[in-house]
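Q: could you look at this predicted model? Sequence included:
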Amino acid sequence: MSVDIEPEWQPATKLNVIGGALDFTALDPLPDGVTRDQIEEICYTVRELYGDYVDEIVAETTLSQREAQTWVLRTLAHDGTDPLSYEAIGLYIWAIGRATDGDPLSRTIVTEYYDRAEAKVKRAEATVKRTGPPPYPDDVYDDPALLWVDTPVAERLQRHRQPEETFSDCLARLLDESVSAVPLATFVEAYRTERDADYVAVDTVYPDWDAELRVVAGVQVDGLEPKAVADATALRVDDRTYDFTVSEKSDPIHADSHIVVYAETADTSVALADGTDRLEAALAGVERSLPDLVSHLRSVGATALAIGTEPAGAGAHLFPVFEAEPDGDPLAAIERIPLDERTLDVGRVSPVTVAAYRERSETTRLLWARGTEGFESTALPDDPANRRELLPDAVLRTST
């Protein structure tokens, strides 16, 4: 396989592209058109960015040199650069740690270094979490994270805490109070009463559409934004705030990518309560872990879940399997699958029947099956690393 490296690419991007083209079954695993000197030059540029971090970790923690290299290059990324893939890290360790003889480190070897580093970091975090009296953070929060602040800041937070309020609750409250958010119901009512809006929807056609809600409002005449909307810096949906923009149109297209929040037009009628429920459900389903995904599919009657062996666009191609044609799209909102150390985008979802899946079985990989007729029961592994190994390499390379 040959690769073309563009000069303007970031060093991390160059290494990721080269790493994705490695072929360890060949006598020389490097792709055509790339020399060892080029790889060494790219790697030393990367070292200028991250070498000090690695040296500090090796000097002050229990992580070994290679564990530190893998941890830093997987979890840290300068603004505007990509995290390095395991294959790219294998190239880096090969080029930096010794003369470039032999082969680059394989994904399997680098993954072992990362897993060992992650285990040491988790043990250190567990130690810190338990240096104070109970209740411990793991008993109080769903996903606790360490946060360092200056002592005077901690003292100020302590003074702002309400009775029975945790530091996390206090911070969340103070942040929410600093945002001028308009509730979704208020937003819609303002457009209805002040601008005679008959259609309000959120457009989901954009990647990561939940990062900023793009609201389409159908209004009949030009005018100013309703005051409640103009004064707001965020839109509140189900107790969460989102950045938002509004596009006003006199006759908006009722696109399939629209989640209609409210409509009272000649061809569409959606009550605000129903539209709000749909939007809240979509936002809740944008990002699902593999266990959450399987749990959701169980709840809607799916028989199995498979993934294409080749990417769809820049992400995974999912195949929820049903005994009969499902009503609607059970995974219409999904955009991302968080893995243990990266995020996999979803490029396409194709619900199929059991009969249709059999025709695709050679180009897909089964992740989970309920164990009904025609499917042997297949459980999703409990261990995140084992779940990651189920994913085809070509698909996993698209994750970040």
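A: Now that the structure is in, tell me what you want to look at. Please read all numbers here as calculations on a predicted model, not as lab measurements.

Q: rest of the way, CA atoms for contacts and neighbours
A: OK.

Q: give me the distance between Tyr44 and Pro137.
A: For Tyr44, the distance to Pro137 equals 40 Å [Cα to Cα, to the nearest Å].

Q: any idea of the pLDDT on Ala59?
A: Residue-level confidence at Ala59 comes out at 96, pLDDT.

Q: what about it, how many neighbours?
A: 11 (other Cα atoms under 10 Å).

Q: what does Asp267 give?
A: When neighbours are counted by other Cα under 10 Å, Asp267 comes out with 7.

Q: any idea which helix or strand carries the nearest residue to Glu118 once chain neighbours are set aside?
A: Counting by Cα to Cα, 6 or more residues apart in numbering, Glu118 lies nearest to Trp71, which is 7.5 Å off, once chain neighbours are set aside. Secondary structure assignment for Trp71, by DSSP states H and E: helix 65-75.

Q: could you give the separation of the helix or strand just after that helix from the chain centroid?
A: Next in sequence after helix 65-75, counting helices and strands by DSSP H and E, comes helix 86-97. Mean C-alpha position of helix 86-97 versus that of the full chain (Cα atoms, centre = their mean, to the nearest Å) differs by 25 Å.

Q: tell me what helix 86-97 is packed against?
A: Other elements packing on helix 86-97 under the criterion 3 or more Cα pairs under 8 Å, 6 or more residues apart in numbering; DSSP states H and E are helix 11-20, helix 36-60, helix 65-75, helix 107-129.

Q: let me know the angle separating that helix from helix 107-129.
A: Using axes from the mean of the first three to the mean of the last three Cα atoms, to 10 degrees, the inter-axis angle of helix 86-97 relative to helix 107-129 is 90 degrees.

Q: report the buried residues of helix 86-97.
A: Of the residues in helix 86-97, those buried by neighbour count under the rule 16 or more other Cα atoms under 10 Å are 86-96.

Q: and the least confident of the residues you listed?
A: Among these, Ile96 has the lowest pLDDT, at 86.

Q: helices of the stretch 201-350 of the chain, residue ranges please.
A: With DSSP state H, counting those that start in this stretch as the definition, the stretch 201-350 of the chain shows helices at residue ranges 227-230, 272-285, 290-299.

Q: show residues contacting the strand ranked longest in the chain.
A: Among all segments of the chain classified by DSSP state E, the strand with the greatest residue count is strand 240-249. Contacts with strand 240-249, where a contact means Cα atoms under 8 Å, 6 or more residues apart in numbering, come from 181, 210-220, 233-236.

Q: of those, which one scores lowest on pLDDT?
A: Between the contacts of strand 240-249, the one the model trusts least by pLDDT is Gln220, at 81.

Q: give the contact list for that residue.
A: Contact analysis of Gln220 by Cα under 8 Å, 6+ apart lists 195-197, 249-251.

Q: residue ranges with poor pLDDT in this protein?
A: Segments of the chain classed as low confidence (criterion: pLDDT under 70) are 1, 79-80, 97-101, 341, 374.

Q: got the domain ranges for it?
A: Listed by automatic domain parsing, the domain ranges of the chain are 11-121, 147-178, 181-284, 287-396.

Q: save those domains as a markdown table, and put in distance to Tyr141 too.
A: Shown next, in a markdown table, are those (distance: least, Cα to Cα, whole Å):
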| stretch | distance to Tyr141 |
| --- | --- |
| domain 11-121 | 19 |
| domain 147-178 | 9 |
| domain 181-284 | 17 |
| domain 287-396 | 18 |
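
Q: do you know which of those domains lies nearest Gly132?
A: For Gly132, the closest of the domains of the chain is domain 147-178, at 14.2 Å, according to Cα to Cα.

Q: next, the buried residues of that closest one.
A: Going by neighbour count (16+ other Cα under 10 Å), the buried part of domain 147-178 is 161, 170.
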